[in-house]
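>>> the following block contains a protein sequence and its predicted model.
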Amino acid sequence: MDAMGKTRSVLTLTGRFINEAVSFFVFSILDLVDFLLCFLYKVADLFFEAEWKPCYCSSSKEVITNSGKILVSEQGESKIVCLSSTKLQLEEISDTLYTRPSLLSEVSKMTTRETKRGSAVRSSFTVNSTIVEMLQGKIGGQICHPIPRWSDCDCKFCTSWTSSCKETLYVRAEGPKDHDAREDVLFIHGFISSSAFWTETVFPNLSSAAKSNFRFFAIDLLGFGRSPKPTDSMYTLREHLEMIEQSVLEPQKVKSFHIVAHSLGCILALALAVKHPNSIKSLTLLAPPYFPAPKGVQATQHVMRMVAPRHVWPVIAFGASIACWYEHISRTICLLICKNHRFIEFVAKFVTRNRMRTFLLEGFFCHTHNAAWHTLHNIICGTAGKMDAYLDTVRDQLKCDVNVFHGRDDELIPVECSYNVQSRVPRARVKVIEKKDHITIVVGRQKAFTRELEAIWNNS
């Protein structure tokens, strides 16, 4: 047995070394590719839209102020001031948008870190704490970007929101229509997904009793599915929360409700719970991305490296790394697959003889790069410093039940994240599903999961 253990240990170390070596080579090449694509997209944007659009890798300040927003810095944290005809709003943006050092530069920094231990390096991007750019013509008339942009899909599904006079989220609702429901349930999907994640799995398996006692609302988040995809939005936490309130809570007169959320949606669920503490009946979180930052480590940067470790294996970590670290490579992927999603879905149905259900493809393809890029950084990374406070509020001020589900084989968000939630909120019940991953925690076991949800709602 000792020999077997030593052999396994050697193989593990060898595999880890190979993964690190191959990853270093691959991501060093990707650093160069992203640099070249930066220039190519500037030329393409100038040709198609008559505008040399800035990007975060070249001009952090310009890319923010170019959309009519004012950039400020206060005590080392970057924020933007959004101006409208009625109010001025201050929004936090994640520093990971503009602080993403190349792999080679990080290695170089590691070799000199000992000599600079006393100085904390944040970003080379600094702005005076007074409001700047205010007199550069941003207040009078903001730049109007075409909708959709040339690199985004222009099909009827993806642009259906443009035909509506009100810019509200797409909401799929089921249940009593006359407000006689006992309570309401809000479903929030995860990153690059859509309401179909719930409407194609949980909704068809709801019992008749549940349908008569509850109203169910599944939303497409801002920038995803059939919801609005504004090109000038920074997709901040405030924007996402306000759109949920304006699209569901206010028009549907939702007063008391349960929340079911997956992955990125868990962050929005916690933020909503903190904002509406007296209205929450239960919180059900699936694979919550909660990575407590070690003392002295910047939370946003820590989460970015945990979610996107810049490794080629596992594959899902490789995909997350591409999406998080490379602004222009990820835009190219969106250009290739999102803009051509109708053809890809047709091929998938043809090859499988229409046996393949494409709702997961719909959620994966129907978004814009601008929405995915900013949501990833401003929600998953940007809220990292707030998660402790959110969970403390849930623990100390909310009386609702908290249930956490996680797939044992989840390679994107490790099981430890759910136990981290439980360590912060001791009453949270964690259920780990064996042989299930980030998606199959619901897909493939939707009947059992729906029964579990109904039990939670009835017992709350």
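The structure has been received and is ready for your questions.

>>> list the contacts of residue 363.
The neighbourhood of residue 363, defined by CB atoms under 8 Å, 6 or more residues apart in numbering, consists of 189, 192-194, 196-197, 224-225. All C-beta atoms are positioned from the backbone trio N, CA, C, and that covers glycine.

>>> mind checking which of these are in helices?
196-197 (DSSP state H).

>>> just the contacts of residue 363 now: which is nearest residue 330?
residue 192 (10.6 Å; CB to CB).

>>> next, count neighbours for that closest one.
Other residues near residue 192 come to 23 when the count uses other CB atoms under 10 Å.

>>> could you measure from it over to residue 372?
6 Å (CB to CB, to the nearest Å).

>>> shared neighbours, these two?
residue 224.

>>> any idea of the pLDDT on residue 232?
With respect to pLDDT, residue 232 scores 82.

>>> on the three-state scheme, it is what?
Assigned with DSSP: H, G, I helix; E, B strand; the rest coil, residue 232 falls in the coil class.

>>> give me phi/psi at it?
phi -100, psi 10 (degrees, to the nearest 10).

>>> and for it, the neighbour number?
Around residue 232 there are 15 residues (other CB under 10 Å).

>>> go on, residue 251?
So residue 251, with other CB under 10 Å, has 12 neighbours.

>>> please name the nearest non-neighbouring residue to it.
Among residues not flanking residue 251 along the chain, residue 168 sits closest, at 7.8 Å (CB to CB, 6 or more residues apart in numbering).

>>> correct me, but the one you found touches residue 249?
No - counting by CB atoms under 8 Å, residue 168 does not reach residue 249; the two are 11.5 Å apart.

>>> nearest to residue 25 among the contacts of residue 363?
For the contacts of residue 363, the nearest to residue 25 is residue 192 (27.1 Å; CB to CB).

>>> ok, the closest one touching residue 373?
No - here residue 192 does not reach residue 373: they are 10.8 Å apart, not a contact under CB under 8 Å.

>>> so residue 432 makes contact with residue 409?
No - contact criterion CB under 8 Å: residue 432 and residue 409 do not qualify, at 10.1 Å.

>>> what ranges do the strands span in the chain?
In the chain, the strands defined using DSSP state E lie at 69-74, 77-83, 88-92, 171-174, 183-188, 214-219, 257-262, 280-286, 401-407, 429-433.

>>> any stretches of the protein with poor pLDDT?
1, 58-91, 104-147, 164-165, 178-179, 354-358 (pLDDT under 70).

>>> cutoff 90 now
Scanning the chain for pLDDT under 90 picks out 1-12, 49-149, 153-167, 175-182, 231-234, 255, 340-365, 460.

>>> find the nearest non-adjacent residue to residue 334, please.
In space, residue 334 is closest to residue 369, 4.0 Å off (CB to CB, 6+ apart).

>>> quick one, helices of the stretch 301-450 of the chain?
315-325, 327-333, 341-351, 359-365, 369-375, 387-397, 416-424, 446-459 (DSSP state H, counting those that start in this stretch).

>>> circling back: make JSON lines out of the contacts of residue 363 and add distance to residue 280.
JSON lines is the format used below for the contacts of residue 363 (distance: CB to CB, whole Å):
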{"residue": "189", "distance to residue 280": "19"}
{"residue": "192", "distance to residue 280": "26"}
{"residue": "193", "distance to residue 280": "22"}
{"residue": "194", "distance to residue 280": "24"}
{"residue": "196", "distance to residue 280": "25"}
{"residue": "197", "distance to residue 280": "21"}
{"residue": "224", "distance to residue 280": "23"}
{"residue": "225", "distance to residue 280": "24"}
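
>>> looking at the contacts of residue 363, spot the one nearest residue 152.
residue 224 (12.6 Å).

>>> so who does the closest one touch?
So residue 224 contacts 189, 192-194, 363, 366-367, 371-372 (CB under 8 Å, 6+ apart).

>>> what's across from it in the sheet?
With DSSP bridges applied, residue 224 shows beta-bridge pairing to residue 367.

>>> can you tell me how far the closest residue to residue 182 other than its chain neighbours is from residue 458?
Distances taken as CB to CB, 6+ apart put residue 213 closest to residue 182, at 4.7 Å, once the chain neighbours are dropped. With distances taken as CB to CB, residue 213 is found 9 Å from residue 458.

>>> cool, residue 220 as well?
28 Å.

>>> more neighbours: which of the two?
Per other CB under 10 Å, whichever of residue 220 and residue 458 has more neighbours is residue 220, with 25 against 13.
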